[in-house]
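*Asks:* Take this sequence and fold it.
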Amino acid sequence: MKKAIFLCALYAITAFHLSANAAENIMTEKQRRKIVTEEISLILKQDLKDPFSAVITFKFISNYKVCGEINAKNSFGAYTGNVPFFGWYGTDKKTGRPTSIGAFTMEGKRYDQTDFCK
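*Replies:* Coordinates of the predicted model:
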């Protein structure tokens, strides 16, 4: 009888420990958004003349789309004005972690952000 109680207690402790570890591996929406915004910011800043001057405003983040505007200094040291950008990302279905992330700007082109950002 003592052996059965000991095995049940051991099983309960092990099951609790495994479920706690599984819960730690699944990302929350807040964590996912933080990673996505940081990665998209890095992608957008890599082609700028002054990446440290970039002001990035995220206007819309959904399950796989990101929209916003970026404003940065040009070669003359003046801010160019807000330029819209569009981004996307995929997530791992088991962990919820972002996998593929990309972004592009629409500088100098006509755009309709309302169609993409719904």
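
*Asks:* Return the distance of the nearest residue to T105 once chain neighbours are set aside relative to E38.
*Replies:* Leaving aside its sequence neighbours, T105 sits nearest to F85 (Cβ to Cβ, 6 or more residues apart in numbering; 4.6 Å). All C-beta atoms are positioned from the backbone trio N, CA, C, and that covers glycine. Going from F85 to E38 by Cβ to Cβ, to the nearest Å gives 15 Å.

*Asks:* the more surrounded of those two?
*Replies:* A count of neighbours by other Cβ atoms under 10 Å puts F85 above the other of F85 and E38, at 24 against 11.

*Asks:* Tell me which residues touch the more buried one, please.
*Replies:* Applying Cβ atoms under 8 Å, 6 or more residues apart in numbering, we find F85 in contact with 40, 44, 67-70, 103-106.

*Asks:* element containing it?
*Replies:* Applying DSSP states H and E as the criterion places F85 in strand 83-91.

*Asks:* Select only the buried ones of the contacts of F85 in PyMOL?
*Replies:* Buried members of these, defined by 16 or more other Cβ atoms under 10 Å, are picked up in PyMOL with:
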select buried, resi 40+44+67+68+69+70+103+105
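
*Asks:* Tell me which entries of the contacts of F85 lie within strands.
*Replies:* 67-70, 103-105 (DSSP state E).

*Asks:* from these, which single one is nearest V55?
*Replies:* Closest to V55 out of the ones in strands among the contacts of F85 is I70 (7.1 Å), distances taken as Cβ to Cβ.

*Asks:* Tell me how many other residues surround the closest residue to the closest one other than its chain neighbours.
*Replies:* The shortest distance from I70 to any non-neighbouring residue, by Cβ to Cβ, 6+ apart, is to I56 (5.0 Å). Here the number of neighbours of I56 (other Cβ under 10 Å) works out to 15.

*Asks:* rewinding a little: identify, from the contacts of F85, the entry nearest to T28.
*Replies:* Nearest to T28 among the contacts of F85 is I40, at 18.5 Å by Cβ to Cβ.
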